[in-house]
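[1] model this:
(chains A, B, C and D)
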Number of protein chains: 4
Amino acid sequence: MLCYGGESMSIKVGVVGATGYTGSELVKILSQHPEVEVVSLITQNYAGIPFWEVYPHLYQYNQMVCEKLDLPVLLDAADVIFIALPHGHAMPIALEAARQGKKVIDLGADFRLNDYTVYEQWYKVEHTAKELLGEAVYGLPELNRERIKGAKLVANPGCYPTSALLALAPLLSRKLIDSGSIIIDSKSGVSGAGRGLSLGIHFCEVNENFKAYNVGIHRHTPEIEQELGKLAGDTVTVSFTPHLLPITRGILSTIYARLITPVEEDEVLEYYRQYYQEEKFVRVLPGGLLPQTKWTAGTNHCDLGVTIDPRTGRVVVVSAIDNVVKGASGQAVQNMNIICGLPEDTALTGPGLFP
Amino acid sequence: MLCYGGESMSIKVGVVGATGYTGSELVKILSQHPEVEVVSLITQNYAGIPFWEVYPHLYQYNQMVCEKLDLPVLLDAADVIFIALPHGHAMPIALEAARQGKKVIDLGADFRLNDYTVYEQWYKVEHTAKELLGEAVYGLPELNRERIKGAKLVANPGCYPTSALLALAPLLSRKLIDSGSIIIDSKSGVSGAGRGLSLGIHFCEVNENFKAYNVGIHRHTPEIEQELGKLAGDTVTVSFTPHLLPITRGILSTIYARLITPVEEDEVLEYYRQYYQEEKFVRVLPGGLLPQTKWTAGTNHCDLGVTIDPRTGRVVVVSAIDNVVKGASGQAVQNMNIICGLPEDTALTGPGLFP
Amino acid sequence: MLCYGGESMSIKVGVVGATGYTGSELVKILSQHPEVEVVSLITQNYAGIPFWEVYPHLYQYNQMVCEKLDLPVLLDAADVIFIALPHGHAMPIALEAARQGKKVIDLGADFRLNDYTVYEQWYKVEHTAKELLGEAVYGLPELNRERIKGAKLVANPGCYPTSALLALAPLLSRKLIDSGSIIIDSKSGVSGAGRGLSLGIHFCEVNENFKAYNVGIHRHTPEIEQELGKLAGDTVTVSFTPHLLPITRGILSTIYARLITPVEEDEVLEYYRQYYQEEKFVRVLPGGLLPQTKWTAGTNHCDLGVTIDPRTGRVVVVSAIDNVVKGASGQAVQNMNIICGLPEDTALTGPGLFP
Amino acid sequence: MLCYGGESMSIKVGVVGATGYTGSELVKILSQHPEVEVVSLITQNYAGIPFWEVYPHLYQYNQMVCEKLDLPVLLDAADVIFIALPHGHAMPIALEAARQGKKVIDLGADFRLNDYTVYEQWYKVEHTAKELLGEAVYGLPELNRERIKGAKLVANPGCYPTSALLALAPLLSRKLIDSGSIIIDSKSGVSGAGRGLSLGIHFCEVNENFKAYNVGIHRHTPEIEQELGKLAGDTVTVSFTPHLLPITRGILSTIYARLITPVEEDEVLEYYRQYYQEEKFVRVLPGGLLPQTKWTAGTNHCDLGVTIDPRTGRVVVVSAIDNVVKGASGQAVQNMNIICGLPEDTALTGPGLFP
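    Below is the predicted model of the structure:
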């Protein structure tokens, strides 16, 4: 069995949806993980094809051949299953894995919302694995580490929620802000839209261009509100606006909230530092220094910058992550490390690619 | 003399600061203007050099040679002077031009703020032409056309303020929003920073990157607040955050405000259409369609998209402009056209460059 | 009827394939053309939809609704038909148009190659309109203007061939180079691949990336060789390598050939200037100045720079065009202007968008 | 002393020119190197400033403070000195280091050319350390490993030469090509120009743009010719044209040469595979697969693709590297590993950042 200590530990891992961008990033990270053996790469469109043909940057790094999903075979071979599929497709896999006592880390949305009626309302799909919602753990380690340790089913957070929640947690915990005043203006690189074909992510449509989309109706909104609500101890409603940046990787969220009482910037920064002092992946930047997406490229970091604006009585928090790493596959491996009792940053260290 | 009708009209124009990006765009637009004769291209660094050597895309379009500033010579030759210099440098030129009865359109900040103490506080420079502030007209034609018609000195708006004011004017005029709740999250292409060398606009520092800057302290803030205050009939304080996009041209502003009373999206859109029904350069997009910067590339348009979010009780307005055109040089020529009694869109027509 | 002089001239134009990138650029250029009335926008996928919904940058510029192809209706309404379809699809339309005496300008490859066996070999499609090949005129005006004037069917050149032929024509005409030594290393922006969906032109696959493709086997090769052969008066075989640039618009070709006898750079430049002295769209840059794609963005120009390398005995010519304009739709309108006896640059003037 | 085995080995390293892009990449790679202790970060402009303030992506990875050059102090502290300075500045440092028996790896051009008259002719600077030229070793490990092992002074190759030499070595060694027919058409990302300010690498001048530069006169030409000459056993003269890509990292070289006798593509590919079979950093791609720069981003790889074009009798080799890593700092660390008897890929493993 997996996940206890011992010299010969090797975690047998399967990746379902291996040929999307989050899947390929999982494969890349896991290929550098000393305690992992990847046993299965599942894909819908590339079965029988060597993985490196789909992702030639991994030529000579990965010799595996993609396979179609055969659930009994997969569950027999793997102890941990990462699911990197569009929403709606993880539920049947998770159900069967649960029956067989296998660990599942789902990078999609199927188990992020505690209330299935909210899921069905925002995602327009019936929830067919409601019985798992009680045991699914929201996998944001910095806020939820203890519950993740014993989890069988981890709902890996969305990319936008990761950037928003880590930015707001200290403020809500300390009750510094009016929770009805929160505005989250987020900008994401194109990789967040995945590798599937779509006119909106065609090079000529995105390059030298910028737009907002899904204003007020993006599906990450209820996920953000659910988790902020837990932090605030009350219902929270936010304005959330995603935008599409002409870059490949990176999310930057600019977040506004009204301070309940005036407070000095240094004091707030100090509180952020305390809040995250044990965290390896959250960097609270010194006062006056604001995050840039590229400083996090290829890393599992979330960088935070905090500004108090006394003219308006608002705090402005800027957070930056690599949406493919901390916003998806890196965080998923971080969750696996926690579940398996490994050092949390195994295979996740190293600075970013700059310039 | 300039600016009355007649068959042989030819407006003699000088451009001071011709070799910056806004200067070169002025030269380009004016080279296509049927009623204009450009008589002088003034520059600090390229005197004696053919303009096309500085901007080879204009090879065979412009045969002029750049000159150092000789104010008497310039004022003798030109009837309209465009000043495209960093703040602080327009004041002496405007003073002398005023004495000689020449028209000045200043693309910088020296005459945008009515109160010189506000100017000195935000720009850290002494105002040495206070006597002109009374007659300077804020050159946003859609809001201020009548006063521009007779103006001797036009303060051409900043790029960010143009995008914010056109987006908010209908809401404030109709008193639909709480003026204390306005948050302006703006994203600009790099050309807004000009052609001067600086590490922050070096290709490798900007490309595949994104950041916020000058949070709460950008100099366009008091300009926005001044003009919003006139629309609201009251003091207005806003949160304004600029960001740097890895694109050359374009500003997109995402603007949030709390609705005073609930209102339908269709109703608000209809009000926007009425407000701008005579305007050639403002396009209120149909419901559900949101602006993209590239749709305005190379044009004098401002595109507006409006979303009502009933969950939060907020309105979200998205505006897009080409910062070099409607945000600077195109608007400056629009102002000249108004002053000179020409059709307002002379030399400013035509759709954008897409893809 | 079309195409003679007269005050009330209005050329009735139909565009088949209007919703691709070259189609939309045609629509844009024609919308600014004073002698043209666009009567029909034909599309496969967007019938019944307003054109501006497909291309919102043309909102308020074009009120037409896209239609499915109904050939009799089209030929009844239009005097000139532009065909902007993938190869193989223009043949039946051109056949019927020829029967009815309508002018056709085909932006695809169906009529570019004089020898149908070469066409069938490179394009893997049967040629079903061989009888038109005799009258089809290769529409590169700078080399072929006289024949275009009377043409009924114009084969608008490919984008790469346009950039290569204009660069090499003076050298071959003057017999300065060994025609067996020509190497054409071309780099194109992504718009050349059209608007159809394909993984290879997905933003994340192209951005911050660069590659060669179709080395030695690109379909523009026989077209280049055919036209170079005419200039050289002999069979010409070239190495042609296309590459994909992470930009939207622009082709830059770097072309190498061995000089038959040593020659001074100034002398060659002077010969280029003479060769193109009557041409409005070819700019031979002064010695030492090399073309950049962005100097031609949005224009119908071809910019040329010539370097003699005495160390190697080679000449290196660099040419730049906007592939969507001079490489496709602008050149097509240029051909229409020639056919219709209009000034050749009607609707094609104006400098490029820089920066 | 350094560079023998043993458990407590720690190589003391100084980096001169640490705040340029190649310097910062050295710092980043060395920060992950288990056998290295960085003892000194020398800079001209940032003395006294924490390194992470200059490169915030290294915040919490590097706590060192930049220092001005004090040569005696540096040579006292460090056993290996990396010099990442513009040409002309490494000579005095290398001279003094040689006197003290310290190892030097120079990332600049001062010791790459064996003949100082060639250096002085191309670089327009007097060579003031001629006595070191005899012992300087050209640090391209795949071609020169044995000599590097014992080197005291390594001249780390230029970025363009690295991409060209690895592509051509098998062909010249096997005498498959006419060495007078070589044309090297190279395209580089902007980071190759360094971090110094210059209009030509300003974002707005490079973005959505492409150009050739220094045609026939780039300083890497004699370096390429010198090393090709050694491979060919004869004088080699090449056409070399560099271009500037609107990307940050990556060089792709497209290289043409005439085959002396016809040969099958498979046969040539097999020969490439044999030639590089022991090499960890050269990936000969399978037939039909051509390199893309992004597949090498952040890695020390050189990817090679080979095409035989029987129509023209030419071979076309495409090579791709990350210019900052294999083209500079990664290769420098590879050289250090060789000198010090460490596994050659220490701190240089791991796949690239894609997408």
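[2] Give the helix, strand or coil label for the closest residue to chain D within the stretch 51-200 of chain A.
    The stretch 51-200 of chain A approaches chain D most closely through residue A:57 (4.0 Å), counting by Cβ to the nearest Cβ. Yep, even glycine has a C-beta here, placed from its N, CA and C like the rest. Following DSSP: H, G, I helix; E, B strand; the rest coil, residue A:57 is assigned to helix.
[3] so who does it touch?
    Residues in contact with residue A:57, defined by Cβ atoms under 8 Å, 6 or more residues apart in numbering or on different chains, are D:294-297, D:351-352, D:354.
[4] Also residue A:33?
    Neighbouring residues of residue A:33 by Cβ under 8 Å, 6+ apart: A:333, A:346-347.
[5] What pLDDT is listed against the residue of the stretch 51-200 of chain A closest to chain D?
    The score at residue A:57 is 97. That number is its pLDDT.
[6] How about residue A:109?
    Residue A:109 carries a pLDDT score of 98 in this model.
[7] what residue ranges in chain A are flagged as low confidence?
    A:1-9 (pLDDT under 70).
[8] near chain D, which residues of it?
    Residues of chain A found near chain D (Cβ under 8 Å from any Cβ of the partner chain) are A:21, A:24, A:28, A:31-32, A:55-61, A:191, A:195, A:207-208, A:248-249, A:283, A:285, A:289, A:292, A:294-298, A:303, A:324, A:350-355.
[9] Tell me the spacing between residue A:62 and residue B:311.
    45 Å (Cβ to Cβ, to the nearest Å).
[10] With neighbour numbers in mind, choose between the two.
    More neighbours surround residue A:62 than the other of residue A:62 and residue B:311, with 21 against 13 (other Cβ atoms under 10 Å in any protein chain shown).
[11] Find the nearest non-adjacent residue to that one, please.
    residue A:51 (4.9 Å; Cβ to Cβ, 6 or more residues apart in numbering or on different chains).
[12] Who are the contact partners of that neighbour?
    Residue A:51 touches A:18-19, A:27, A:41, A:58, A:62, A:64-66, counting by Cβ under 8 Å, 6+ apart.
[13] could the residues you listed be laid out in TSV, adding secondary structure?
    Converted to TSV, these look like this (three-state DSSP):
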residue	secondary structure
A:18	coil
A:19	coil
A:27	helix
A:41	strand
A:58	helix
A:62	coil
A:64	coil
A:65	strand
A:66	coil
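[14] ok, of those, which one's closest to chain B?
    residue A:58 (20.8 Å).
[15] Surely residue A:95 touches residue A:129?
    Yes. Counting by Cβ atoms under 8 Å, residue A:95 touches residue A:129, with 5.0 Å between them.
[16] More neighbours: which of those two?
    Set residue A:95 next to residue A:129 and count neighbours by other Cβ under 10 Å: residue A:129 wins out with 19 against 15.
[17] how close does that one get to residue A:99?
    Taking Cβ to Cβ, one finds residue A:129 at 11 Å from residue A:99.
[18] Next: residue A:106.
    Relative to residue A:99, and taking Cβ to Cβ, residue A:106 is found at 16 Å.
[19] any idea how far chain B is from residue A:242?
    Distance, residue A:242 to chain B, by Cβ to the nearest Cβ, to the nearest Å: 10 Å.
[20] Quick check: can you name the pairing partners of the strand or helix carrying that residue and their directions?
    Secondary structure from DSSP states H and E places residue A:242 in strand A:239-244. Next to strand A:239-244 in the sheet, as set by DSSP bridges, lie strand A:183-188 (parallel), strand A:211-212 (antiparallel).
[21] pretty sure residue A:194 is touching residue A:20, no?
    Yes. In this structure, residue A:194 is within contact of residue A:20 by Cβ under 8 Å, at 5.5 Å.
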